[in-house]
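In: Show me the folded form of this:
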Amino acid sequence: MNYSRDILYRLRSDQSERTIAIDLGISRVTVHKYKVTVEKEGFLETEQELPDLERFVTLLGPVPQPPKSLSTLETYGGVLDSKYFSRYYRNGCDNYHYH
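Out: The predicted structure is shown next:
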């Protein structure tokens, strides 16, 4: 979810970085980065008009993506493609008997 506008509104209303981070469930460091960026542009001053969304997003840069975890089956790629596994999977786990 993109919280950039909400962060800007909260910073303008003098909420602390820590409070914003806790309320939105994001890192305090991230809130600080936003604050430094919008301070440079002067958006924290209430007399200045808020930027349009397109300009604001390009100013802040791309939204960081959450980390992706690798599949635990990735290391077994060769085994999963084997004839044994295909036959086992096709017949269903209950139909395969160990002797």
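
In: Quick check: phi and psi at the closest residue in space to L53 that isn't next to it in sequence.
Out: Closest residue to L53 apart from its sequence neighbours, by CB to CB, 6 or more residues apart in numbering: R5 at 7.1 Å. Any C-beta I mention is one placed from the backbone N, CA and C, and that applies to glycine too. When read as degrees, to the nearest 10, the backbone of R5 gives phi -70, psi -40.

In: Quick one: neighbours of R5, just the number.
Out: 13 (other CB atoms under 10 Å).

In: correct me, but it touches E54?
Out: No - taking CB atoms under 8 Å as the definition, R5 is not a contact partner of E54, at 12.0 Å.

In: who does whichever helix in the chain runs longest touch, helix- and strand-wise?
Out: Identified as the longest helix of the chain according to DSSP state H is helix 28-41. On a contact count with 3 or more CB pairs under 8 Å, 6 or more residues apart in numbering; DSSP states H and E, helix 28-41 meets helix 4-12, helix 17-24, helix 53-60.

In: which phi and psi does G61 have?
Out: Per degrees, to the nearest 10, the backbone of G61 is at phi 90, psi -180.

In: follow-up on the earlier one: check the residue nearest to L53 and give its pLDDT.
Out: pLDDT recorded at R5 is 81.

In: how far away is it from K68?
Out: 26 Å (CB to CB, to the nearest Å).

In: and what of E47?
Out: For E47, the distance to K68 - CB to CB - is 43 Å.

In: Which pLDDT value belongs to R90?
Out: Here the pLDDT value assigned to R90 is 60.

In: That's all I had, so thanks and see you.
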